[in-house]
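Colleague: I would like to see how this sequence folds:
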Amino acid sequence: MKAVAGMAISRDFREKLLRLRASVFDPNSLKLRHFLDGDPLASEAGRLSPTVRSRFRAEQLADLDGCMPVVLAVSCISALVFSLGVSDAPIANQARAWAACVFLLAATVCVRCAIWPPRPCLNASANGIWRATAEAFLHGVLWGAFPALFFVGSTAAQQFVIVCLVTASLFGGGFSLSMVPIALLAHVAPICAGFIIALVNPHDPALNVIGGAMAVYAIVMVRGAFVRSAVAARRCAAEAAAQEGALRDELTNLPNRVAFREELSRSFARLARRNERFALLCFDLDGFKAINDSLGHEVGDLALIEAARRLKASTRENDMVARLGGDEFALIAADLHSVEDAVTIADRILVSFRAPFEINGRGVQISTSIGVAIAPGDGVDPESLMRNADSAMYATKQSGRRGVTLFRDRFGFIAEQNTLDAELDRAFADHEFFMVYQPFVDLQRGETTGFEALLRWRHPTRGVVSAGEIVPLFERAGQIERVGAWALREAITAAKNWPSHLRVAVNVSALQLRRPDFEEIVRDALGQSGLDPARLELELTETAMIVDGERALETLANLRMLGVKTALDDLGTGYSSLANLVGLPLDRLKIDRSFVASIETNPMCGSVVKLTIELARSLSLSVTAEGVENPSQLQMLRDYGCREVQGYLFSVPRAANQLGDLFGVCPVAEEAQETEIKPLAAAG
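Modeller: Below is the predicted model:
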């Protein structure tokens, strides 16, 4: 009977314990756990999300790291002063031992900071809060033991000094820990307990008043810490919500281009730190433009929402799917063990797109073309990996759409130095390289103002390959100077036969600009063709202008004195800064096509475009928006005050012998073409 009763009592106690644990650590609330992790809003309905909590912890620890050295230094000085002051008293040895403990704690914290120095970061784990709480508690215990150990037997003057030092420690800790309420409580509680123990012993009655005042101030201090940290937490939550909104695509609620680029940079950081391989998949919806034009933008928007849902459902939890603009999506597939893992994800996405899209009671068939690039083999930085995944995607579209292409399978033929050298020699011998030209259009007059020269390679087995696909490979192989010099001469020679009011814009690589003879190459090309230097515009990225800065700027300054114009290409996609922008010898800014593509759907892109146009106007620079593909984009650019545009809405890139009808007025095409008009014969 006793055994049965004992088992029943034990079972009842265990059930009560489980209920208590569930009430405290219930997955739906975890209020106490969240508070211990640093969330001052844990008891409120609007407690912080895990992401915001992590961000707020980083802010709390940054505030604490800035104050703690001062508090520890003052604490050590106070301990030293007291131990020296009682050096002749009977408690001298105990005072020295206590002061040594204070110095030991301070030294431990300093050593930890020296080994693992605090670094600015956006997120922090709960371990940092627990560490700060433990250190605050130990500091509080030492100063709580101070009055408990030394108050008895001390003179009235010594007791007054003890009270002053304890008060200073109490409020010094309150100052440094005001952003971390749990750590502040851990610091205040033992100090107050030690002071209460001290006041139990005989003392001057005046100290009762001081003790009461300390208690009131301690309550006010703790309350103030809760209020301050709660206000800071709400501000942090509001900032995170605003940032999250700025990083989300309004239509699909997927991360947008800005968020995608940030995550891509973080993926490369993880690759360098932990060798965590990942793949980048680029998607394009096949036939979306026809659906958007025939059924209306509302149906198109619904199709994009459904496409986003299917993409998200086909990926893993730690993968990131983003909408880059229009019908372009991208996926970062993290932590890959093999190429087959990326192919499996791509195949799963293709399967998810087989079923028709049910939109407003009708079935709409939409497929997707996928390009895959795997880091680091297919790209050693975000720009090259993105460019190569995009190239693989367009290879899929050229081969019939509705499929997947790996960059290494499509362009592996030029991955090796020796292979590329042989390919390049044959390309020049067989006249496989040729130039195409896309017009710049003045929006006020509707007239062509010039053409951008674009390099193409008609490969015997791979078809026509664009400059964006091959230039990075030429750069890595050290062949870009040879190809770039040829392209410059071809473009200048072609422009000589155009009307005199038309300019030609030629892209220049950073490696070309770095060559000491680049200025001579340009002068020779102009001299041989007889082209007016004022009709030549060199398009460079900011990287090209700041690499080997003094030489590059001197070269550009000399060419500008000759009359050659310069333009900053792909503004906003790299690491542009206003300081660099102001100091560069520029005549024109070019707004990257990625911003124009999203101008209708992403307000942030619209703001960037508008601010760029205003910036160019204030700096007395011309501005060109590239990648204009529909009338809506054109109208928005016109409303923003953009004077010159470029894009498929006016013309695809054409061969030099097919530009005649674009030399005057350049009309808007009835439907933006997606296929280049290629030369009838190979260009020499």
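Colleague: Give me the distance between Arg551 and Pro516.
Modeller: 7 Å (C-beta to C-beta, to the nearest Å). Every residue, glycine included, has its C-beta placed from N, CA and C.
Colleague: Those two: which is more packed in?
Modeller: When Arg551 and Pro516 are compared for neighbours, Arg551 comes out ahead with 15 against 9, by other C-beta atoms under 10 Å.
Colleague: so where does the more buried one fall, helix or strand?
Modeller: Secondary structure from DSSP states H and E places Arg551 in helix 549-562.
Colleague: What of Leu615?
Modeller: Under the assignment given by DSSP H and E, the secondary-structure element containing Leu615 is helix 603-618.
Colleague: In terms of secondary structure, what does that helix contact?
Modeller: strand 588-591, helix 593-597, strand 622-626, helix 631-640 (3 or more C-beta pairs under 8 Å, 6 or more residues apart in numbering; DSSP states H and E).
Colleague: how about a cut-off of 6 Å?
Modeller: Secondary structure elements in contact with helix 603-618, counted by 3 or more C-beta pairs under 6 Å, 6 or more residues apart in numbering; DSSP states H and E, are strand 588-591, helix 593-597.
Colleague: Just give the strands next to the first one in its sheet, each with its orientation.
Modeller: If I follow you right, that is strand 588-591. Strand pairing for strand 588-591, determined by DSSP bridges: strand 565-571 (parallel), strand 622-626 (parallel).
Colleague: rewinding a little: buried sites along the helix holding Arg551?
Modeller: Using 16 or more other C-beta atoms under 10 Å as the test for burial, helix 549-562 gives Ala552, Leu553, Thr555, Leu556, Leu559, Arg560.
Colleague: pLDDT averaged over that helix - what is it?
Modeller: Within the predicted structure, the mean pLDDT of helix 549-562 is 82.
Colleague: where in the stretch 451-600 of the chain is pLDDT low?
Modeller: Low-confidence regions of the stretch 451-600 of the chain, defined here as pLDDT under 70, cover residues 462, 469, 472-473, 475-478, 542-550, 570-583.
Colleague: could I get the strands paired with strand 588-591 as TSV with mean neighbour count and distance to Val180?
Modeller: What follows is the strands paired with strand 588-591, written out as TSV (neighbours: other C-beta atoms under 10 Å; distance: least, C-beta to C-beta, whole Å):
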stretch	mean neighbour count	distance to Val180
strand 565-571	22	43
strand 622-626	23	49
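Colleague: Output those strands as CSV; include the columns distance to Cys666.
Modeller: Supplementary listing: the strands paired with strand 588-591 in CSV, determined by distance: least, C-beta to C-beta, whole Å:
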stretch, distance to Cys666
strand 565-571, 19
strand 622-626, 14
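Colleague: quick one, which of the ones you listed is nearest to Pro653?
Modeller: If you check each of these against Pro653 by C-beta to C-beta, strand 622-626 wins as the nearest, at 11.9 Å.
Colleague: Report the inter-axis angle for the closest one versus helix 603-618.
Modeller: For strand 622-626 against helix 603-618, the angle between stretch directions is 150 degrees (axes from the mean of the first three to the mean of the last three C-alpha atoms, to 10 degrees).
Colleague: which residue ends up closest to the midpoint of the protein in space?
Modeller: The central residue of the chain, meaning the one whose C-alpha is nearest the mean C-alpha position (C-alpha atoms, centre = their mean), is Glu262 at 2.0 Å.
Colleague: Surely that one forms part of a helix?
Modeller: Yes. Under DSSP: H, G, I helix; E, B strand; the rest coil, Glu262 sits within a helix.
Colleague: What distance do you get for it to Thr51?
Modeller: Distance of Glu262 to Thr51, computed by C-beta to C-beta: 14 Å.
Colleague: what does Ala342 give?
Modeller: With distances defined as C-beta to C-beta, the gap from Ala342 to Thr51 amounts to 27 Å.
Colleague: Between those two, which has more neighbouring residues?
Modeller: Ala342 (23 against 12).
Colleague: element containing the more buried one?
Modeller: Assessed by DSSP H and E, Ala342 sits inside helix 339-352.
Colleague: Mind listing what's buried along that helix?
Modeller: For helix 339-352, burial by neighbour count (16+ other C-beta under 10 Å) applies to Val339, Asp341, Ala342, Val343, Ile345, Ala346, Ile349, Leu350, Ser352.
Colleague: Give me the pLDDT for the closest residue in space to Phe268 that isn't next to it in sequence.
Modeller: Taking C-beta to C-beta, 6 or more residues apart in numbering as the measure, Phe268 lies nearest to Pro382, with 6.3 Å between them; neighbours along the chain are not counted. The predicted structure scores Pro382 at 87 on the pLDDT scale.
Colleague: Look up phi and psi at Pro382.
Modeller: Main-chain dihedrals, Pro382, degrees, to the nearest 10: phi -60, psi -40.
Colleague: roughly how far apart are it and Asp301?
Modeller: When Pro382 is compared with Asp301 (using C-beta to C-beta), they lie 29 Å apart.
Colleague: just Asp532 next, same as before
Modeller: In terms of C-beta to C-beta, Asp532 sits 48 Å off from Asp301.
Colleague: swap in Asn602?
Modeller: Distance check for Asn602 against Asp301: by C-beta to C-beta, it reads 14 Å.
Colleague: So between the two, which is more surrounded?
Modeller: Neighbours were tallied for Asn602 and for Asp301 using other C-beta under 10 Å; the higher tally belongs to Asn602 (23 against 15).
Colleague: Can you give me every residue that contacts the more buried one?
Modeller: The contact partners of Asn602, taken as C-beta atoms under 6 Å, 6 or more residues apart in numbering, are Asn256.
Colleague: Same question for the one 3 residues further on.
Modeller: Contacts of Cys605 were listed using C-beta under 6 Å, 6+ apart, and they are Phe595, Ser598, Ile599.
Colleague: If we use 10 Å, what do you get?
Modeller: 256-258, 325, 572, 591-592, 594-599 (C-beta atoms under 10 Å, 6 or more residues apart in numbering).
Colleague: does Val506 sit in a helix, a strand or a coil?
Modeller: When states are read from three-state DSSP, the local structure at Val506 comes out as strand.
Colleague: do Val321 as well
Modeller: The three-state label for Val321, taken from three-state DSSP, comes out as strand.
Colleague: Bridging across strands, which residues link to it?
Modeller: Following DSSP bridges, Val321 is listed with bridge partners Leu331.
Colleague: What about it, how many residues nearby?
Modeller: Under the neighbour criterion other C-beta under 10 Å, Val321 is assigned a count of 23.
Colleague: hang on, isn't it packed against Ala330?
Modeller: Yes. Applying C-beta atoms under 10 Å, one finds Val321 in contact with Ala330, separated by 7.6 Å.
Colleague: any residues in contact with both of these two?
Modeller: When C-beta under 10 Å, 6+ apart defines a contact, the residues bordering Val321 and Ala330 alike are Leu254, Pro255, Phe260, Leu281, Phe283, Leu311.
Colleague: Please indicate which of those are buried?
Modeller: Applying the neighbour count, that is 16+ other C-beta under 10 Å, the buried entries in these are Leu254, Pro255, Phe260, Leu281, Phe283, Leu311.
Colleague: between those residues, which is closest to Val166?
Modeller: Sorting those by distance to Val166 puts Pro255 at the head of the list, at 52.2 Å, by C-beta to C-beta.
Colleague: Let me see the mean pLDDT of the helix holding Ala342.
Modeller: Mean pLDDT, helix 339-352: 86.
Colleague: repeat for stretch 628-635
Modeller: In this model, stretch 628-635 has a mean pLDDT of 91.
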